[in-house]
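Undergrad: sequence plus the predicted model coming up.
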Amino acid sequence: MQKMSKNGFSRCARMYIGRLRKEGRYSTAHVYKNALFSFSKFCGTLNVSFRQVTKESLRCYGQYLYECGLKPNTVSTYMRMLRSIYNQGVEAGSAPYVHRLFHDVYTGVDIRQKKALPVAELHKLLYEDPKTERLRRTQAIAALMFQFCGMSFADLAHLEKSAVERNVLQYNRVKTKTPMSVEILDSAKEMMNQLRSEKAAQPDYPDYLFNILRGDKTRKDERAYREYQSALRCFNNCLKDLARVLHLNSPVTSYTFRHSWATTAKYQGVPIEMISESLGHKSIKTTQTYLKGFELKERTEVNRRNLYYVKNCCVGK
């Protein structure tokens, strides 16, 4: 095997991945690990040097990813991971600065990759009986994600019982740590009871609200991250089965309900600032700086309108 360069690109990447893992940022570390593995495979070596990271090699790597069938946003993610690693090498004095090194590769976000469902299909997915308990449970999780203002699966799975306070969910987003509050609609309460975890709380362990994760591992235990990844894969597989049983034409994943909530709100003329704040996004920071934050009552009304619109979209047809 080729000897690894003391200050090589791969070494820099592995050190950074190690730091992320020590910080408990296993999801981010996983993405960097995948990007490094992919680029190493393209370069034909496990020990890529900084000299191999050139404008031409990056351009060819981008083309290679597209030929492998990756979507533009995935290509962009990998390129941004490589750019981050290279920049760390530059800052450490291990790699030379190259002007506009990543200029000719795609590092943006392709907004044409739509994940929202047409409202008629969303209605079927949330309200048509799939006939089996396994798929009814999947449907209940999906419905709660939509009714909690497009909550992500990660945030739903990691909600703890302490998040419920006087009919309001108050929590910090898993991904960004953004503090969030969502009023619990009456239509969500029965589903919450169906999914509620009955396990007794253990000191220093998470006391999860829903029976999605076991709660038998500390929050920063890497096994807890692996358990979550397993739960996410299971949920996505069940969603595929649910979509097939209900004869949907559109693909459905855990992201579908977040995008669908935002798109439904947009169609009703809800300001993008309200949508962004309700989703806990930070993508329009500058805009939000100049705007007064929306009150919980206002966001609850938007949430109710969204649910009513989907629930009654097919009535009378």
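TA: Here it is on my side, so go on.
Undergrad: skipping its backbone neighbours, what lies nearest residue 142 in space?
TA: Using Cβ to Cβ, 6 or more residues apart in numbering and skipping the chain neighbours, the partner closest in space to residue 142 is residue 257 (5.7 Å). For glycine as for every other residue, the C-beta is placed from the backbone atoms N, C-alpha and C.
Undergrad: er, residue 305 I mean
TA: residue 268 (6.2 Å).
Undergrad: contacting residues for the one you found?
TA: Contacts here follow Cβ atoms under 8 Å, 6 or more residues apart in numbering; on that basis residue 268 touches 305, 306, 309.
Undergrad: over to the last one. Which of the three states is it?
TA: What that stands for is residue 309. The three-state assignment at residue 309 reads helix, by DSSP: H, G, I helix; E, B strand; the rest coil.
Undergrad: name the helix or strand for the residue nearest to residue 142, please.
TA: With the criterion set as DSSP states H and E, the secondary-structure element containing residue 257 is helix 256-267.
Undergrad: in that helix, what's buried?
TA: In terms of neighbour count (16 or more other Cβ atoms under 10 Å), helix 256-267 has its buried residues at 256, 257, 258, 259, 260, 261, 262, 263, 264, 265.
Undergrad: go on, stretch 212-221?
TA: Residues of stretch 212-221 classed as buried under the neighbour-count rule (16+ other Cβ under 10 Å) are 212, 213, 215, 217.
Undergrad: quick one: distance of it to the chain centre.
TA: Taking Cα atoms, centre = their mean, to the nearest Å, the mean C-alpha location of stretch 212-221 is offset from the chain mean by 19 Å.
Undergrad: isn't residue 258 right up against residue 145?
TA: Yes - with contact taken as Cβ atoms under 8 Å, residue 258 and residue 145 are classed as touching, separated by 7.1 Å.
Undergrad: need the residues touching each of the two.
TA: Between them, residue 258 and residue 145 share the neighbouring residues 151, 152, with contact defined by Cβ under 8 Å, 6+ apart.
Undergrad: quick one, strands of the stretch 51-200 of the chain?
TA: Counting by DSSP state E, counting those that start in this stretch, residue ranges of the strands within the stretch 51-200 of the chain are 164-165, 168-172, 179-183.
Undergrad: shaky segments in this structure?
TA: Along the chain, the parts satisfying pLDDT under 70 run over 1-7, 110-114, 282-295, 316-317.
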